[in-house]
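Participant: The following comprises the amino acid sequence and a computationally predicted model.
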Amino acid sequence: MPSGRCPIAQTNLRAFLPWAVGLFGDALVPTLPDVMTQKGRCGRIFLLSLSAVLILSALLWWSAHRESRFVSSLPSEERFVDSTPYELQSLSPLIPELPPTVRELGRVAWEGEAEMIAFDAKDSSDAKFDVYLMSDTGGPVVCISCDVPELKGRNVGNPAWDPSGRWLLVQVENEVHTHGEIALPILVADPSYPGFGVSSSLWVYDTQTRHFHLLYEIDGENGIGTLHPHFSHSGHQVTWARLVGSEGCMGDMEIMVADFKSAPEPRLENTRPLATETKGEQRFFETQDFRQDHVLAACTPEPDQEHHFMDLCRVDTRNGRLERLTRRSGQGAEPGSWEEHAKFIDNQTLMYVSSRGYPSPVQECEIASAEFMKWLKTDVYVQDLSAPETAPERITFFNEPGHEMDCDCSNALASDFSWNERKQSAVIFVQYLNWPRYLPFPIGFEARYFILKLGSQHDENS
């Protein structure tokens, strides 16, 4: 290298230096007392280069920030329709009075004619979820798992009531984990948290005796996790998704069904997986509801259907036959959207959450980065199954700019909810995120509960 030249000067900076010197020279000269020496020249060029990098980074950040806010403010591209007899009567906040250490709300249960709302929430003291009970007006809560010695230090969550309101299904983290290495999203440090259910087994809580009973234990040989348990509407059976593999975006699952017996001790009989065939290599099923001989599930039955573009399916428990209720696979001419958390609200009507109408540019479901979550926006819809050719009717507008329900955030996720038939109402778990699309994680997060009450022309005519 010729004498008197700085290594950094070997980069192509000549075109940049005149502009940078004119802009920053006066400010930098006082800090470079040795500016006329070789050392001084190197220091000045280094500082000028660093300043250029910082300016360029700031410009790129501002451009990405503006683009992110622009995308976040886009209205839905779908046409809103009035396609069912149902209409929103009210949407009111439900505010539980929580212990000061509880920081994160989770999944909810109010099925059948249950008086109390069950929900799981995370305690910051041990970073584990417990299950609580509260009234449908909010206020004081009661933790049913916090003081149970055998459940200490374990996640307990994803509650689901039986129709009578006596029995409550829950997922409970195993005392000893039985899974191997699993890819997790950047925001999830614990694979056994209730939304994932890895190394978790199926238990039931008896509100009369206040005891927990193990119903189905995951041991690694019979699966690696339990997810989304539900009682049938008759109360005589239960269903859940059993995780049998961790391959792919959200794992490999199968639908489990069993008969529930309450005496002399709670137990399951005739436990079996449904032999449900799909066209893809992996089976993705998340059980949502169980009416008569049909389990309602989120699913990906089409070839190469990505797990974040999911459909709703109805599976016959007698023969495992699968019927697609929505067509949102992202394959061929079908648009791709997230269809999940579905419940029967009468014999021919579904309520569920969907991301339809909002952009989802991430085509590949890759769980480690969970890039698709940045773009996910979901609201509540009602679908008339007797008229499958009609579009579903939208009930909430958490993501619609300018609407009175608008979350004023980057994306709202209407997540888990539970339908109470007696009160014609649902309790809804909604997550509000402030997630600039250029960042790998959100910079703001808040979870809220709402009571959503529906009215119907059936009621007016009765």
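Facilitator: The structure has been received and is ready for your questions.

Participant: Please give the element, helix or strand, for residue 263.
Facilitator: Following DSSP states H and E, one finds residue 263 outside all helices and strands.

Participant: check contacts around it.
Facilitator: The contact partners of residue 263, by CB atoms under 8 Å, 6 or more residues apart in numbering, come to none. The way it works is simple: take the backbone N, C-alpha and C, and place the C-beta from them, glycine included.

Participant: what's the spacing between it and residue 240?
Facilitator: Separation of residue 263 from residue 240 (CB to CB, to the nearest Å): 22 Å.

Participant: Show me the chain divided up by domain.
Facilitator: Domain assignment for the chain, taken from automatic domain parsing, gives 7-67, 73-461.

Participant: Let me know the pLDDT of the spatially closest residue to residue 140 that is not a sequence neighbour.
Facilitator: The shortest distance from residue 140 to any non-neighbouring residue, by CB to CB, 6 or more residues apart in numbering, is to residue 97 (5.1 Å). Looking at residue 97, its pLDDT stands at 97.

Participant: quick one: contacts for residue 97?
Facilitator: Counting by CB under 8 Å, 6+ apart, residue 97 has contacts 138-141.

Participant: of those, buried ones?
Facilitator: 138, 141 (16 or more other CB atoms under 10 Å).

Participant: Among the contacts of residue 97, which one lies nearest to residue 228?
Facilitator: residue 141 (22.6 Å; CB to CB).

Participant: tell me which element the closest one falls in.
Facilitator: Going by DSSP H and E, residue 141 is part of strand 138-143.

Participant: Packing partners of the following helix or strand past that strand?
Facilitator: Counting by DSSP H and E, the next helix or strand C-terminal to strand 138-143 is strand 156-161. Contacts defined by 3 or more CB pairs under 8 Å, 6 or more residues apart in numbering; DSSP states H and E place strand 156-161 against strand 102-109, strand 117-123, strand 128-135, strand 167-173, strand 225-231.

Participant: I'd like those strands as TSV, with mean pLDDT appended.
Facilitator: Converted to TSV, the helices and strands packed on strand 156-161 look like this (pLDDT from 0 to 100):
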stretch	mean pLDDT
strand 102-109	95
strand 117-123	97
strand 128-135	98
strand 167-173	98
strand 225-231	97
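
Participant: Figure out which of these is closest to residue 244.
Facilitator: Closest to residue 244 of those is strand 225-231 (CB to CB; 8.7 Å).

Participant: helices or strands up against the following helix or strand past the closest one?
Facilitator: Counting by DSSP H and E, the next helix or strand C-terminal to strand 225-231 is strand 237-245. Counting contacts by 3+ CB pairs under 8 Å, 6+ apart, strand 237-245 packs against strand 225-231, strand 252-261, strand 285-291.

Participant: Which stretches in the stretch 251-400 of the chain count as helices?
Facilitator: With DSSP state H, counting those that start in this stretch as the definition, the stretch 251-400 of the chain shows no helices.

Participant: low pLDDT regions in it?
Facilitator: In the predicted model, the stretch 251-400 of the chain carries no residue with pLDDT under 70.

Participant: mind running it again at 90?
Facilitator: 251-252, 276-283, 303-304, 306-307, 331-332, 347, 359-375, 387-389 (pLDDT under 90).

Participant: how near is residue 442 to residue 416?
Facilitator: Note on residue 442: its distance to residue 416, by CB to CB, is 19 Å.

Participant: Looking at these two, which one has more neighbours?
Facilitator: The neighbour comparison of residue 442 against residue 416 (other CB atoms under 10 Å) goes to residue 416, with 24 against 18.

Participant: who's in contact with that one?
Facilitator: Applying CB under 8 Å, 6+ apart, the residues near residue 416 are 106-108, 341, 428-429.
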